[in-house]
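Participant: I would like to see how this sequence folds:
(2 chains)
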Amino acid sequence: MNFDIEKIRADFPILNQKIYGKDYIYFDNGATTQKPIQVINAVSEFYSSINSNIHRGVHLLSEKSTKAYEDVRAKVQKFINAEHEHEIIFTKGTTDSINLIAFSFGEKYVNKGDEIIVSAMEHHSNLVPWQMLCQRKNAKLKIIHFDKNGELETDKINDLITDRTKLLAVTHISNALGTINPVKKIVQLAHNKNVPVLIDGAQAIQHTIVDVQEIDCDFYVFSGHKIYAETGIGVLYGKEKFLNEIPPYQGGGDMVDHVTLEKSTYLDLPFKFEAGTSNYVGAVSLGIAIDYINEIGLNKIAEYETELLNYATQKMQAIEGLTIFGNAKNKASVISFLLKNIHHYDAGMIIDKMGIAVRTGSHCAQPVMTYFDITGTIRASFAFYNTKEEIDRFIEAILKVKQMFD
Amino acid sequence: MTLQEIQDQIIEEFAIFNEWMDKYEYLIELGKDLKIIDTKFKTNEYLINGCQSKVWLHAELNDDKVIFSADSDAIITKGIVALIIRVLSKREPKEIMNADLYFINEIGLSDNLSPTRANGLSAMIKQMKMYGMAYNAKLGNK
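Facilitator: Okay, the predicted model is just below:
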């Protein structure tokens, strides 16, 4: 494959260090991704030569700052193929985007006795805001379950939807199981009954090409830090029709048109939803990260990551007493697993000592753990800067853990 | 043995380990050897939830001394629990509430005890000192 891994790894300074005296292996990409030097430098350069608050100043640098920020909006629009630039709202992250919709959409459309549908494999961030909405409005939360392989029971969706269903929210890729959900099909099922759909793309945006018009979802949300940009910047894509109809989430500066002491009128999209000083530097970093990804090509990245996933899965399946949770046919480069009779936290501690970063615990998806009747798993999640050699060392670490706890 | 003597003894025991792995293997042994807590105390009432590993802690006053028993679902956590119990159990309440557990740092396990670690150990020590404080007040009122 035409994939220059050495060159890519050289772009990520954090990978080129030793932890506990060993070459650092970062397999916690599901939690956050590392930043290429291009992103790090761009942020530093921005602060060194451009920094000024956006949308306000008459002065040159404020103009430049505003342009840099708005350019990223256009870049994101293109990246996910949104129809309009103003359908891209900058937020703090996935959680912020979902809370915005849960509040604003909820205010406009959800009333007592209405229903919201989510899946049982959601990250808490795509579950708790809907629980809160349902509590606030006395609405009902309904669940799409998944099977033992981690596949959503999409055939049940039709029956779940009633004339009281106001929205369906589902993850594109499960952070705990790696399942890639058939979002296009889910959207079709929901749209057949006029139910809008929100897709949580936190784990998908960095692994697969997202085309919101092709998926036809009504909302798509993701975080910058999962796609090699800074933390604290996220995106809410929403169809113009909905974004125009729902009320603002937060009030403040930068989102108002005319303000008197009695009342205010709001700006049009996208500013209506961007109260206060936006994380414009974060947005700039997101723009650079998108450029970086585009240069390599998400297709190539996805292909390489699948290769890593298959390689690791095969090696891990050969280890006695190792159980993988999440064996969907269509899976992203996330492997959740347990070793027989070994607590995930114990295993994680030893793996850490070997210079390998993995995540242990419930991965903010406690209902998924409850389904499998476990308290947590060890999760290795790969990015395109990881290698098969690193996986080999990871396998050795697993064998060492097994030996130590036997 | 005084609180200081027993801590120094543990520090000495750990001094022979050059490799982190030997240290953790020793902790695993300690964890396996820790006398299992009475199952009637392994309930939510005695649970100190550490998010990732769970710790159950029980305390009772016997002869004016506090007897601790504890358990964890993770074996390394349990090994560290065993060390802390060795130091703090069967001591007077006042001594427990004022204890400076310097051995943890000396044997290189302070990382495991920081409040940001989701293993329940930091909360367990806090809880042990609370018991010390409560029993101290109780004894003072006698």
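
Participant: does the residue lying closest to residue A:301 once chain neighbours are set aside count as helix, strand or coil?
Facilitator: Residue nearest to residue A:301 in three dimensions, not counting chain neighbours: residue A:384, with 4.5 Å by C-beta to C-beta, 6 or more residues apart in numbering or on different chains. Every residue, glycine included, has its C-beta placed from N, CA and C. With DSSP: H, G, I helix; E, B strand; the rest coil as the basis, residue A:384 sits in coil.

Participant: The one 5 residues further on now?
Facilitator: Assigned state for residue A:389: helix (three-state reduction, three-state DSSP).

Participant: With adjacent residues omitted, what lies nearest to residue 17?
Facilitator: Picking chain A for this. Closest residue in space to residue A:17, ignoring its immediate chain neighbours: residue A:24 at 5.3 Å, by C-beta to C-beta, 6+ apart.

Participant: actually it's chain B I care about, not the one you picked
Facilitator: residue B:23 (4.4 Å).

Participant: Touching, that neighbour and residue B:112? I think so.
Facilitator: No: between residue B:23 and residue B:112 there is no contact under C-beta atoms under 8 Å: 11.1 Å.

Participant: What helix or strand is the residue nearest to residue B:17 located in?
Facilitator: Applying DSSP states H and E as the criterion places residue B:23 in helix B:20-33.

Participant: just checking, what packs against that helix?
Facilitator: helix A:344-353, helix A:388-405, helix B:3-15, helix B:75-88 (3 or more C-beta pairs under 8 Å, 6 or more residues apart in numbering or on different chains; DSSP states H and E).

Participant: Beyond that helix, next helix or strand please.
Facilitator: The helix or strand immediately downstream of helix B:20-33 is strand B:47-49, counting by DSSP H and E.

Participant: partners of that following strand, with directions?
Facilitator: Paired neighbours of strand B:47-49 in the sheet (DSSP bridges): strand B:54-62 (antiparallel).

Participant: could the helices and strands packed on helix B:20-33 be laid out in a markdown table, adding distance to residue A:47, mean pLDDT and mean neighbour count?
Facilitator: Shown next, in a markdown table, are the helices and strands packed on helix B:20-33 (distance: least, C-beta to C-beta, whole Å; pLDDT from 0 to 100; neighbours: other C-beta atoms under 10 Å in any protein chain shown):
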| stretch | distance to residue A:47 | mean pLDDT | mean neighbour count |
| --- | --- | --- | --- |
| helix A:344-353 | 33 | 94 | 24 |
| helix A:388-405 | 33 | 97 | 17 |
| helix B:3-15 | 46 | 95 | 15 |
| helix B:75-88 | 43 | 93 | 23 |
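
Participant: so which of these gets nearest residue A:3?
Facilitator: helix A:388-405 (12.1 Å; C-beta to C-beta).

Participant: contact partners of the closest one?
Facilitator: For helix A:388-405, the external contacting residues (C-beta atoms under 8 Å, 6 or more residues apart in numbering or on different chains) are A:25, A:27, A:308, A:311-312, A:315-316, A:319, A:321-322, A:339, A:341-342, A:346-347, A:350-351, A:354, A:356, A:380, A:382, B:21, B:24-25, B:28, B:75.

Participant: picking that back up, I'd like the helices and strands packed on helix B:20-33 written out as TSV, with distance to residue A:197 added.
Facilitator: TSV is the format used below for those (distance: least, C-beta to C-beta, whole Å):
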stretch	distance to residue A:197
helix A:344-353	33
helix A:388-405	35
helix B:3-15	56
helix B:75-88	42
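
Participant: show me what contacts whichever residue of chain B sits closest to chain A?
Facilitator: Of all residues in chain B, the one sitting closest to chain A is residue B:74 (3.9 Å; C-beta to the nearest C-beta). For residue B:74, the contacting residues are A:343, A:345-346, B:52-54, B:119, by C-beta under 8 Å, 6+ apart.

Participant: and which of the residues you listed is nearest to residue A:73?
Facilitator: residue B:52 (39.1 Å).

Participant: got the contact list for that closest one?
Facilitator: A:344-345, A:348, A:360-361, A:375-376, B:74, B:118-119.

Participant: about what we covered before: may I have the helix holding residue B:23 as CSV, with CA atoms only?
Facilitator: In CSV, the C-alpha atoms belonging to helix B:20-33 read as follows (Å, rounded to 0.1, in the frame of the first residue of the first chain):
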residue,chain,number,x,y,z
TRP,B,20,8.8,-2.7,38.6
MET,B,21,7.6,-6.1,37.6
ASP,B,22,8.9,-7.8,40.7
LYS,B,23,7.2,-5.1,42.8
TYR,B,24,3.8,-5.7,41.1
GLU,B,25,4.2,-9.5,41.3
TYR,B,26,4.7,-9.0,45.0
LEU,B,27,1.6,-6.9,45.2
ILE,B,28,-0.3,-9.6,43.3
GLU,B,29,0.9,-12.1,45.9
LEU,B,30,-0.2,-9.8,48.8
GLY,B,31,-3.6,-9.3,47.0
LYS,B,32,-4.1,-13.1,46.8
ASP,B,33,-3.1,-13.6,50.4
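
Participant: which bits of chain B sit near chain A?
Facilitator: By C-beta under 8 Å from any C-beta of the partner chain, the residues of chain B that approach chain A are B:20-21, B:24-25, B:28, B:51-54, B:73-77, B:112, B:118-119.

Participant: Quick check: PyMOL command selecting the buried ones in those residues.
Facilitator: The command below creates a PyMOL selection of those among the residues of chain B next to chain A that count as buried (16 or more other C-beta atoms under 10 Å in any protein chain shown):
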select buried, chain B and resi 24+25+28+52+53+54+73+74+75+76+77+112+118+119
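
Participant: The residue in the stretch 251-400 of chain A positioned nearest to chain B: neighbouring residues, count only.
Facilitator: Here the stretch 251-400 of chain A gets closest to chain B at one residue, residue A:343, 3.9 Å apart by C-beta to the nearest C-beta. Using other C-beta atoms under 10 Å in any protein chain shown, residue A:343 has 25 other residues around it.

Participant: Pop out the phi and psi values for it.
Facilitator: phi -70, psi 140 (degrees, to the nearest 10).

Participant: Not counting sequence-adjacent ones, nearest residue to the most centrally placed residue in chain A?
Facilitator: Nearest residue to the geometric centre of chain A (C-alpha atoms, centre = their mean): residue A:202, 0.8 Å. Nearest residue to residue A:202, sequence neighbours excluded (C-beta to C-beta, 6+ apart): residue A:94, at 4.3 Å.
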